[in-house]
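Engineer: sequence unavailable; structure follows:
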């Protein structure tokens, strides 16, 4: 009996030790090694119409890289819904990819976890220098004053896309440039089952992008300069209300859009059910929906008055994808080589052309491919009137709680309940209380 | 263990020849009898420890830590938080605790409704299927389909059907039957509770049906025949024979359904995404959002531990009550 008990105790202890060792978390402090110099694992974001499109775009380039350097890159395209969780799990376990794409708005949040390789002067040197990149893109790579957590890969901006046929049918000459014109134009288009504007009311990130820009237009930032959540300022409340009012008051967004989260508004646009959408680099998706390029037009997104510009005349966030190196990589030199390859002029032109985005690399931007009318609007917006989302560690929490507040307000508007300044403020107050205490 | 057994046999033969050896064989025999079950349980025990207990213990440890995004990379360095995470979770006057309490209440209501309906549908169907009729086998198979389908595929289909503008549900209710003035929303707002309940019952009742059918097979037909001879009607047969005979089966079934439904994560997650509407904010999804979406794993773990304690208490009380009830009937 005693022996059996001893054996049982032994087995229990052993398994506990094994489990503890297995769950011990990632190794800390190390700045990568070169133990596996022949391979790299790469997590790409979903930029094309679907994951297969991305594989088709990227694989030939990865083959090219293998030919040049002898390093094999194992590609996985991670859907947006999973990416942040996957990165978080990789960070916790220390078992992650070597190189990965991140949404540029997450840069500061991921930077604070310490999982990504900081791009100091030496590391930037290895990929050709920091000044190859445009400033607006560099402004969305981490907390100001710290070494960037990632380097810009694709740049995007919001613009107003309009359905030319629906505009012609309603006798509208030009796309709206201000929100007042937007309401007026939208009302002309919202009749007989068609609607003026589309929205993705249940997509938290998209909600954030829209109300952030409107916040800028109301001189609100959602965070104080020292990084505290500030969701209930008059400007922030006005911004959220103005966005939801497009459905609640102006009634130019179909109530059904309140439950959209899978780009259904783009299908509605392609099916001539919705005349306008505020979107970032939608051209590739429209093409996949079977629209030809002359069926839609692009204009700068609306402002409160006047023309788009810096500050309160901002009409887009600095949208884009950054490329980061996982600190735990076992092929640090190879990872840097790969980032250098992907940000080289040649690859930048190929990839951004394929995805309909703008290269964040100055020299690549000069390529005539990025001079089409559609891309010129995006490039102009990025250069003059795009603002970076708050570069604070709590950015991803902000997306969740404020994005959810906007989703709930859309649900109320869709159900026909009034959306008032008070109800908006109450929702934002609740959101702010959910933020971690500082 | 085989190594330790060999010297023991040697010892036994040696003892047999010694004068005081009479006690020896009996003791080691008992040892083997008592030890064998433990020995056989050992592999299961080790796996159980690895798969269930160790993560649970780590979860409990984490609930006492301030594990936020700043420490996820090396969570040993996260500072101890004492009971801070717990006081955050149970302070019902603050927004986090209030939301947790509301989510808990929603989950309780949802679980009661779902388990009740699953049980009722499953039992009723199982009793009707006892009669032999043409197409019984086919019907049985059809009834079990929801249980056999992969959860994700099935729930995604439901999510499409519940879409407001293009969904099948509104097409039937609004367009064809004209039951509503405007097409209602099913995936946002208050109706989402009904949506969740429908999908949950659809998914859960075949299990109740299956278990009940198995239970019914064990009731001897003679009892029914005797009851029929004595003049008992169908309803009386169900009440006096079927249900009492199914008692032990019911006991397990209700407990399992309760635990599954209470902890269900997949259904609300696939239906509503990361931010469920308040009316359908089940506790598992709520905890997921509190930890993964806001990257506060300490608070999320504290909520999980509270949930675990609640389920332990409920399960313990249930088993105690039902076993006492059974003893009373046995006596």
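Structural biologist: Sure, I can see it. Quick caveat, the model's predicted, so the values are computed rather than measured. Numbers count the residues shown, from 1 in each chain, chains lettered A, B, ... in the order given.
Engineer: strands of the stretch 151-300 of chain A, residue ranges please.
Structural biologist: Along the stretch 151-300 of chain A, the stretches classed as strands by DSSP state E, counting those that start in this stretch are A:151-156, A:158-163, A:195-198, A:274-280, A:296-299.
Engineer: partner strands of the second one, parallel or antiparallel?
Structural biologist: Paired neighbours of strand A:158-163 in the sheet (DSSP bridges): strand A:274-280 (antiparallel), strand A:296-299 (antiparallel).
Engineer: give the bridge partners for residue A:45, please.
Structural biologist: residue A:78.
Engineer: that older thread, okay if I get the strands of the stretch 151-300 of chain A as CSV plus mean neighbour count and distance to residue B:77?
Structural biologist: Every C-beta, even on glycine, is put in place using the N, C-alpha and C of the backbone. CSV is the format used below for these (neighbours: other Cβ atoms under 10 Å in any protein chain shown; distance: least, Cβ to Cβ, whole Å):
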stretch, mean neighbour count, distance to residue B:77
strand A:151-156, 27, 28
strand A:158-163, 25, 39
strand A:195-198, 27, 46
strand A:274-280, 26, 38
strand A:296-299, 20, 49
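Engineer: for chain B, give me its nearest residue in the stretch 151-300 of chain A.
Structural biologist: Closest contact between the stretch 151-300 of chain A and chain B, by Cβ to the nearest Cβ, is at residue A:256 (4.1 Å).
Engineer: for that residue, which non-adjacent residue is spatially closest?
Structural biologist: Excluding its sequence neighbours, the residue lying closest to residue A:256 (Cβ to Cβ, 6 or more residues apart in numbering or on different chains) is residue B:165, at 4.1 Å.
Engineer: what's the answer for residue A:43, then?
Structural biologist: residue A:100 (4.1 Å).
Engineer: what does the model give the one you found for pLDDT?
Structural biologist: As predicted, residue A:100 sits at a pLDDT of 96.
Engineer: what values do phi and psi take at it?
Structural biologist: Dihedral angles of residue A:100 (phi, psi; degrees, to the nearest 10) stand at phi -150, psi 150.
Engineer: ok, it to chain B distance?
Structural biologist: Applying Cβ to the nearest Cβ, to the nearest Å, the value for residue A:100 to chain B is 15 Å.
Engineer: touching, that residue and residue A:323? I think so.
Structural biologist: Yes - with contacts counted by Cβ atoms under 8 Å, residue A:100 reaches residue A:323, the gap being 7.5 Å.
Engineer: give me the more crowded residue out of those two.
Structural biologist: residue A:100 (27 against 24; other Cβ atoms under 10 Å in any protein chain shown).
Engineer: any figure for the gap between the more buried one and residue B:156?
Structural biologist: 27 Å (Cβ to Cβ, to the nearest Å).
Engineer: who in the stretch 101-250 of chain A is up against chain B?
Structural biologist: For the stretch 101-250 of chain A, the residues in contact with chain B (Cβ under 8 Å from any Cβ of the partner chain) are A:109, A:112-115, A:201-202, A:204.
Engineer: ok now stretch A:101-111, how far from the chain's centre?
Structural biologist: 9 Å (Cα atoms, centre = their mean, to the nearest Å).
Engineer: measure it end to end?
Structural biologist: 14 Å (Cα to Cα, to the nearest Å).
Engineer: name the nearest residue to residue B:99, sequence neighbours excluded.
Structural biologist: residue B:286 (7.1 Å).
Engineer: what's the separation between that neighbour and chain A?
Structural biologist: 12 Å.
Engineer: and residue B:167, how far is that from residue B:160?
Structural biologist: As judged by Cβ to Cβ, residue B:167 and residue B:160 stand 6 Å apart.
Engineer: who has more neighbours out of these two?
Structural biologist: Remark: of residue B:167 and residue B:160, residue B:167 carries more neighbours, 21 against 12, as counted by other Cβ under 10 Å.
Engineer: the domain parsing of the chain - what is it?
Structural biologist: Since no chain was named, I'll use chain A. A:39-156+A:318-387, A:158-317+A:391-433 (automatic domain parsing).
Engineer: ah, I was thinking of chain B
Structural biologist: Taken from automatic domain parsing, chain B resolves into B:2-62, B:94-330.
Engineer: re earlier: dump the strands paired with strand A:158-163 into CSV; add mean pLDDT and distance to residue B:273 as well.
Structural biologist: Converted to CSV, those look like this (pLDDT from 0 to 100; distance: least, Cβ to Cβ, whole Å):
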stretch, mean pLDDT, distance to residue B:273
strand A:274-280, 96, 20
strand A:296-299, 95, 28
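Engineer: now stretch B:72-88: mean pLDDT?
Structural biologist: What stretch B:72-88 shows for mean pLDDT is 86.
Engineer: buried ones in that stretch?
Structural biologist: If you call a residue buried by 16 or more other Cβ atoms under 10 Å in any protein chain shown, then stretch B:72-88 has these buried ones: B:72-75, B:78, B:81, B:84-86, B:88.
Engineer: repeat that for stretch A:72-88.
Structural biologist: Burial within stretch A:72-88, assessed by neighbour count using 16+ other Cβ under 10 Å, is assigned to A:73, A:75, A:77-78, A:83-84, A:86-88.
Engineer: hmm, residue B:249 is touching residue B:215, no?
Structural biologist: Yes - the criterion here is Cβ under 8 Å, and residue B:249 meets it with residue B:215 at 3.6 Å.
Engineer: quick one: mean pLDDT over the helix or strand where residue B:323 lies.
Structural biologist: Residue B:323 belongs to helix B:297-330 when assigned by DSSP states H and E. Averaged across helix B:297-330, pLDDT comes to 86.
Engineer: so what's residue 203 closest to, chain neighbours aside?
Structural biologist: Using chain A here. For residue A:203, the spatially nearest residue (Cβ to Cβ, 6+ apart) is residue A:261, at 4.3 Å.
Engineer: wait, chain B was what I had in mind.
Structural biologist: residue B:146 (5.5 Å).
Engineer: what's near enough to touch the one you found?
Structural biologist: Residue B:146 is in contact with B:154, B:202-203, B:205-206, counting by Cβ atoms under 8 Å, 6 or more residues apart in numbering or on different chains.
Engineer: with residue A:286 instead?
Structural biologist: A:161, A:266, A:269-270, A:295-296.
Engineer: please repeat the previous calculation with a cut-off of 7 Å.
Structural biologist: Contacts for residue A:286 were tallied using Cβ atoms under 7 Å, 6 or more residues apart in numbering or on different chains; they are A:270, A:296.
Engineer: pretty sure the residue nearest to residue A:256 sits in a strand.
Structural biologist: No - applying DSSP: H, G, I helix; E, B strand; the rest coil, one finds residue B:165 to be coil, outside a strand.
Engineer: against residue A:193, how distant is it?
Structural biologist: For residue B:165, the distance to residue A:193 - Cβ to Cβ - is 10 Å.
Engineer: name the element residue B:119 belongs to?
Structural biologist: According to DSSP H and E, residue B:119 maps onto helix B:95-128.
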